[in-house]
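Peer 1: Here is a sequence with its predicted model. Questions after.
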Amino acid sequence: MAVAQPLAHLRPQGGNPRAGFELELERIRLRAMWAIDRASEQPSSRLQAELTRLERAVGEARASGISRLQLLAQRLELAPDEAEFLCFVAAVASDPLLTPHVLTLAGSDVRRGASLSLFAQVAGLEPPRARALALALSSRHPLVAGRLLVPVDSHDLSALTPFMVPRRVLAFLAGVDEVDEAVAAAGGVVSVPDTVCLDARQTAVAQVLAQALRDPETHIAVVLQGAVGSGRRTLTARAATLPVVALDLCRLGRSPGALDEALGALRRECVLRGALAMVCGLEEVRGPEADAAQRRRILGAHLDLMPGPVVLSSSEASFELETTRRLLRLQLPAPEVPTRRALWRAAFGDAAPELSDDLDRAAMRYTLGAGGIREAAAAARLIGRASGRPVDSALLADGVRATIQERLGTLAQHIRVRHSWDDLVLPEDTREQVDFLVSRARHAYRVLAEWGFSKNIASGLAALFSGPPGTGKTMVAGLVARELDLDLYRVDLSQIISKWVGETEKGLSRVFDAADTGHVLLLFDEADSLFAKRTEVKGASERYANLEVNYLLQRIESFAGLAILTTNLDTNIDPAFRRRLTTHIRFPQPEEDERLVLWRTQIPKEAPVDSTLDLGKLAKSYPDFAGGHIRNAVASAAFLAASAGTSITQKHLERAALEESRAMGRIHRRTVNEGKPTPA
């Protein structure tokens, strides 16, 4: 039988864990060789001597503190045989030179993994020790619960059950500290910024959190609720005495299997690093559907097995969790203006003094937390480098906008407002209502915060614009946003409304969370499809539809910004929602004199027009036209004129108006005497 080479090349050099791991692997290989050799008539004394020297070298490596196996044994309080079994399974999985020897001992079954039976044979365990190890290695054993050892057949653990070691454990034993791929893809180790700025309210939350995490034996889960980007991870990393490894459920698929795998990887990573587990995006497992309930059960099972305390974060109101842990719920408020100012200055470092005024304005305007400010500052710098522009207020706004759009995804789109108040034609009483809405939004802080009315009045503003199509509802929403210096985001209801139970609420939550942190006006076009009347519950579909409306009512009321909803059918809006409206503005069909003004204002001054235009005739002939229809007709007439190579004539306008009327569903015929279109 071949004899191992001298061990000088395997002695640890400079405290290298890799060298210590190589020693462990070589020892396992020699043990397997010795187990085979023992069955022969003349066991090799030289092999036994080499094994004795190698055992001594491994002991020295462990005593020197470079052995990762010894570190795990101390951290998990493993018995010597338990630690040796972990090392054996790792050797079978990673050492190709060991393979022929274990195949000789156990046959082809070893290809599936290493069993306790094979280990007992290689290690030469006496029967009582072997049986004690078999009894100890249950599904709740730290090695199995922490997924450092994975049974191939997890339903029935026995002495013949093959075990595997994940690659992350092999890498750890060899001294590699890269985060598990499954965890890194949806989180990773949380770093604490050089500068952490907290106001008095946030400091109080941090102190309670630190106290709860101080005792590692405490079986507690802290639920930290706060807006997206409010700094919940930073606060946790600052309050914890251990490293923090986070997993964001929002970045995982909906598959229960993917959730189970990622949470298992998180548990394993925390064991390997001696870290605190943080599960973010708790709202992803909320909902009444069976799939969400299954994912909650998976989450609860993993929470029960996590080492030490656990921190959970959510951007929504807390809900019941299926865990045996004691729960502590904390609310992390958004930072106040002075703290936001300090966070902006920290984000720009040495460049902050030159941007002092711009950063002060950003702190006043955007209610972002620590994470959101860092993201917005990074986006602003990136946009500035790409465009060759220096960072200023406009570029900071672009950075915040990019951050908000990233959170919104396809749920809402930023709309650039190109109209002005001069383009608007409204009855006097409607215009007064619009002016009142603008005034209320502009002075909300003074009345609610400084004058104390926040005790009696909700901070959010919700306005309903109702009226026939084309009467200017969307246009006025844009003008209100421009007047208040807000970014206008139009919510895409086709992306929000889902046939899957609970998904509509999740989409709306993302929209409102993003809008809460930015200087945003939310526009819900055709809102009757979303804010419809609740119906009598006759089945599951009506019950879940009513749940969506209930959620909307609560979320609109708590929204701190301005939301405008437009509808052509205001009678379909739920009455309970009407009571929560700041104002309801009706946009009537324009009268003839208003239509005449609209025809005039829709033709740009630069456009070539015939001097004989009779716009009054058009205003009279099409009484059902609103501003949108007139705009379409004028644009069509312009293209007709451009195609003919002439200026815009009355004939072009009349033809375009006729086509627009037909597009509206009107039927027209020509009179015999006049030969011109007349409504049927």
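Peer 2: Cool, got the structure.

Peer 1: need the next SSE after the one helix or strand Ile556 maps to, C-terminal direction.
Peer 2: Ile556 belongs to helix 540-558 when assigned by DSSP states H and E. Downstream of helix 540-558, the first helix or strand assigned by DSSP H and E is strand 562-567.

Peer 1: Please identify the pairing partners of that following strand and their relative orientation?
Peer 2: Applying DSSP bridges, strand 562-567 is found paired with strand 461-466 (parallel), strand 520-524 (parallel).

Peer 1: Just say which of those strands is most tucked in.
Peer 2: Here the criterion is mean neighbour count by mean count of other CB atoms under 10 Å, and of the strands paired with strand 562-567 the winner is strand 520-524, at a mean of 26. No exception for glycine: its C-beta is placed from N, CA and C like everyone else's.

Peer 1: For the stretch 201-350 of the chain, which segments count as helices?
Peer 2: Listed in chain order, the helices of the stretch 201-350 of the chain (DSSP state H, counting those that start in this stretch) span 232-239, 256-273, 290-305, 337-348.

Peer 1: Which one, of these, ends up nearest to Arg326?
Peer 2: helix 290-305 (11.3 Å; CB to CB).

Peer 1: Buried residues in the closest one, which are they?
Peer 2: Buried positions in helix 290-305, judged by neighbour count with 16 or more other CB atoms under 10 Å: 292, 295-296, 298-300, 302-305.

Peer 1: again, but for stretch 117-135
Peer 2: When neighbours are counted by 16+ other CB under 10 Å, the buried residues of stretch 117-135 are found to be 117-123, 125, 130, 133-134.

Peer 1: domain assignment for this structure?
Peer 2: 8-173, 181-331, 337-406, 421-586, 592-679 (automatic domain parsing).

Peer 1: For Ala412, which of those domains is the nearest?
Peer 2: Across the domains of the chain, the minimum distance to Ala412, taken as CB to CB, is reached by domain 421-586, at 4.4 Å.

Peer 1: isn't Arg600 right up against Leu615?
Peer 2: Yes: using CB atoms under 8 Å, Arg600 makes contact with Leu615 at a distance of 6.0 Å.

Peer 1: more neighbours, the two?
Peer 2: Neighbours of Arg600 and Leu615, each counted by other CB atoms under 10 Å, are more numerous for Leu615; the result is 20 against 15.

Peer 1: Let me see the contact set for the more buried one.
Peer 2: Leu615 is in contact with 596, 599-600, 653, counting by CB atoms under 8 Å, 6 or more residues apart in numbering.

Peer 1: a markdown table please, covering the residues you listed and showing secondary structure and distance to Gln48.
Peer 2: Listed next are those as a markdown table, based on DSSP: H, G, I helix; E, B strand; the rest coil; distance: CB to CB, whole Å:
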| residue | secondary structure | distance to Gln48 |
| --- | --- | --- |
| Leu596 | helix | 109 |
| Trp599 | helix | 106 |
| Arg600 | helix | 107 |
| Leu653 | helix | 106 |
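
Peer 1: ok, Gly253 - how many residues close by?
Peer 2: Applying other CB under 10 Å, we find 10 residues neighbouring Gly253.

Peer 1: per-residue confidence for it?
Peer 2: Gly253 carries a pLDDT score of 77 in this model.

Peer 1: quick one: it and Val223, what's the gap?
Peer 2: In this view, Gly253 and Val223 are 23 Å apart by CB to CB, to the nearest Å.

Peer 1: neighbour-wise, which of the contacts of Leu615 leads?
Peer 2: Greatest neighbour count in those, by other CB under 10 Å, goes to Leu653: 27 neighbours.

Peer 1: wouldn't it be in contact with Ala637 here?
Peer 2: Yes: counting by CB under 8 Å, Leu653 touches Ala637, with 4.6 Å between them.

Peer 1: Apart from its neighbours in sequence, what residue is nearest Leu569?
Peer 2: In this structure, Leu569 finds its nearest non-sequential neighbour in Asp528, 5.0 Å apart by CB to CB, 6 or more residues apart in numbering.

Peer 1: contacting residues around that neighbour?
Peer 2: Listed by CB under 8 Å, 6+ apart, the contact partners of Asp528 are 567-570, 572-573.

Peer 1: Please repeat the previous calculation with a cut-off of 10 Å.
Peer 2: For Asp528, the contacting residues are 464, 466, 565-574, by CB atoms under 10 Å, 6 or more residues apart in numbering.

Peer 1: for Arg389, same thing?
Peer 2: Contacts were defined as CB under 10 Å, 6+ apart; by that measure Arg389 touches 380, 383, 395, 398.

Peer 1: what about it, which helix or strand?
Peer 2: For Arg389, there is no enclosing helix or strand under DSSP H and E.

Peer 1: Okay, it and Tyr622: tell me how far apart.
Peer 2: 47 Å.

Peer 1: hmm, back to that, flag whichever of the domains of the chain has the least confidence on average.
Peer 2: For the domains of the chain, the stretch scoring lowest in mean pLDDT is domain 421-586; its value is a mean of 76.
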